[in-house]
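[1] Have a look; sequence and predicted model below, questions after that.
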Amino acid sequence: MPTNPLKTNQDLFTETEIDFSKTLGKLLYLDVREVPDYQNIVINSETGEVLSSALVDDNTGRIVEGSVSENVQAEVRSRPIEGTLVAYDLILEAEGFGGQVEITIPATSKLDTLVYNKEVKLTGLTARHWSRTTRQTNGSRVTFSHTQGFKLRAEGIQETKPSAKATTEK
């Protein structure tokens, strides 16, 4: 098996390829944010009014031709759908990483037992590498900006119970 860590711009890494416990270290629960589902809407760029008759192609994310008057300047925006929940974004302190990390877990996860600043354990952790290059033109000058990172996801979370050794040492 080749060991090139970044073969494409959308590689998925699992616990068999990365030692997450060594990379992230001890994880402390800090906060949680709900991640709603989003819908594409079309707005009038000049007035900000939602154009309810306009259609957006779900595959391309572009306005369907002919669904907006030619004299209207329109753009596609995403907005959250109220009352929907697709996942949770956990904010954790990763001592091995030296800062905070955001990890997405399914909406079905039970979070009611988590306590602020207590150690937690994640199950089914994966990391997806992403990268994006943008090109900007300013007159005759062309610049490229390259951004990359990792999106962390987990199948579940549980609070770590103190070991018997740690309890007796106190």
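    Right, received. Where do you want to start? Owing to the predicted nature of the structure, the values given are computational and were not obtained by experimental measurement.

[2] Point out where this protein drops to low pLDDT.
    1-10, 162-170 (pLDDT under 70).

[3] mind listing the helices for it?
    20-24, 164-169 (DSSP state H).

[4] Hmm, I18 is touching A127, no?
    Yes: between I18 and A127 there is a contact at 6.3 Å, judged by CB atoms under 8 Å. In short, each C-beta sits where N, CA and C put it, glycine included.

[5] Between the two, tell me which one has more neighbours.
    Shown here are I18 and A127; by other CB atoms under 10 Å, A127 has more neighbours (20 against 16).

[6] Contact partners for Q148?
    9, 129-132 (CB atoms under 8 Å, 6 or more residues apart in numbering).

[7] in stretch 66-85, what's buried?
    Under the neighbour-count criterion of 16 or more other CB atoms under 10 Å, stretch 66-85 has 68, 74 buried.

[8] oh, I was asking about stretch 28-44
    Neighbour count says stretch 28-44 has 28-30, 32, 35-36, 40, 42-44 buried, by 16+ other CB under 10 Å.

[9] What's the end-to-end length of that stretch?
    End-to-end distance of stretch 28-44 (CA to CA, to the nearest Å): 44 Å.

[10] Look up the closest residue to the residue positioned nearest the centre of the chain, ignoring the ones flanking it.
    Nearest residue to the geometric centre of the chain (CA atoms, centre = their mean): K151, 5.7 Å. Closest residue to K151 apart from its sequence neighbours, by CB to CB, 6 or more residues apart in numbering: R128 at 4.8 Å.

[11] does that neighbour really touch L12, like I thought?
    Yes: between R128 and L12 there is a contact at 5.1 Å, judged by CB under 8 Å.

[12] so R135 bridges to which residues?
    F144 (DSSP bridges).

[13] Provide a list of residues in contact with it.
    142-144.
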